[in-house]
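*Asks:* model this:
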Amino acid sequence: PDHFGIPINGASYVAPAIRPATLDAFVRVVEATPAATGVADLTVERIQSVLDEITVLSGEEPDVIICHPSLRANYVAVLSASLFATARGPATKGDAGFLDLSYGNIPIKFARHCPRGMMIFMNKKTWKLLQLQSGGFADLDGTTILRQANHDAWEGFYRWYYNTVCTRPNANGLLVGINVWS
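*Replies:* Model prediction:
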């Protein structure tokens, strides 16, 4: 029902009073027919509307789009229907598949860890790794590794205090509710 506290069910989001809503990430829920299950097909117009809204809100553009590999077939069908595919060099062998995909020169990367039915529009410059203490083996009473009892083995644990934060959430966005064919 929500993504990092932002409802994705189509309801309007009321931003907290401590910051303006224009700083929040943009979330677009695809419009579905009333009889549908809350999902709709992927279209060029829906992708473009997310990119346009991010540009309006932040003045920035995403530099990568991330989605689940199951959306690859949906996007290739969009390319085929829209005739936006470009040939890069002479044909030397028959190959019917696509692995290197993009939209408006923004590369599309596929990761199995991305939720199905969602496209993440990410501006990588806006994400930072904040580190309170650099990584290293934890010092337990003067030692970093300890001998295991009754075993010919040693053990220790690695400790790293960090967090990943976004400095400009409105330069990022989500397109959710995409009907996944496969």
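*Asks:* Poorly predicted segments of this protein, please.
*Replies:* 1-25, 30-38, 81-97, 142, 182 (pLDDT under 70).
*Asks:* Which parts of it are helices?
*Replies:* In the chain, the segments counted as helices under DSSP state H are 44-58, 72-82.
*Asks:* looking at the protein, which residue lies furthest from center?
*Replies:* Asn150 (46.5 Å; C-alpha atoms, centre = their mean).
*Asks:* got TSV for the helices of the chain, with mean neighbour count and distance to Thr164 too?
*Replies:* The way it works is simple: take the backbone N, C-alpha and C, and place the C-beta from them, glycine included. TSV is the format used below for these (neighbours: other C-beta atoms under 10 Å; distance: least, C-beta to C-beta, whole Å):
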stretch	mean neighbour count	distance to Thr164
helix 44-58	16	19
helix 72-82	15	26
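*Asks:* which residues touch Pro107?
*Replies:* With contact taken as C-beta atoms under 8 Å, 6 or more residues apart in numbering, Pro107 is in contact with 64-65, 100-101.
*Asks:* Other residues contacting stretch 117-132?
*Replies:* Stretch 117-132 is contacted by residues 39, 42, 47, 50-51, 54, 58, 60-68, 71, 114, 160-169, 171-180 when judged by C-beta under 8 Å, 6+ apart.
*Asks:* and those residues, which are buried?
*Replies:* Burial by neighbour count, judged by 16 or more other C-beta atoms under 10 Å, picks out 42, 47, 50-51, 54, 58, 62, 65-68, 71, 114, 168-169, 171-180 from the contacts of stretch 117-132.
*Asks:* I'd like to know how far the most centrally placed residue in the chain sits from Ala138.
*Replies:* Centroid-nearest residue in the chain, with C-alpha atoms, centre = their mean: Ile120, separated by 3.2 Å. For Ile120, the distance to Ala138 (C-beta to C-beta, to the nearest Å) stands at 34 Å.
*Asks:* Leu146 too?
*Replies:* For Leu146 relative to Ala138 (C-beta to C-beta), the value is 10 Å.
*Asks:* intersection of neighbour lists for those two?
*Replies:* Contacts common to Leu146 and Ala138, judged by C-beta under 8 Å, 6+ apart, are Gly156.
*Asks:* can you give me the strands for this structure?
*Replies:* In the chain, the segments counted as strands under DSSP state E are 2-3, 6-7, 26-29, 64-67, 101-103, 106-110, 118-122, 127-137, 146-147, 154-155, 158-166, 173-176.
*Asks:* give the contact list for Ala111.
*Replies:* Applying C-beta under 8 Å, 6+ apart to Ala111 gives the contacts 66-69.
*Asks:* Let's see that with 7 Å instead.
*Replies:* If you count contacts by C-beta atoms under 7 Å, 6 or more residues apart in numbering, Ala111 has them with Ile66.
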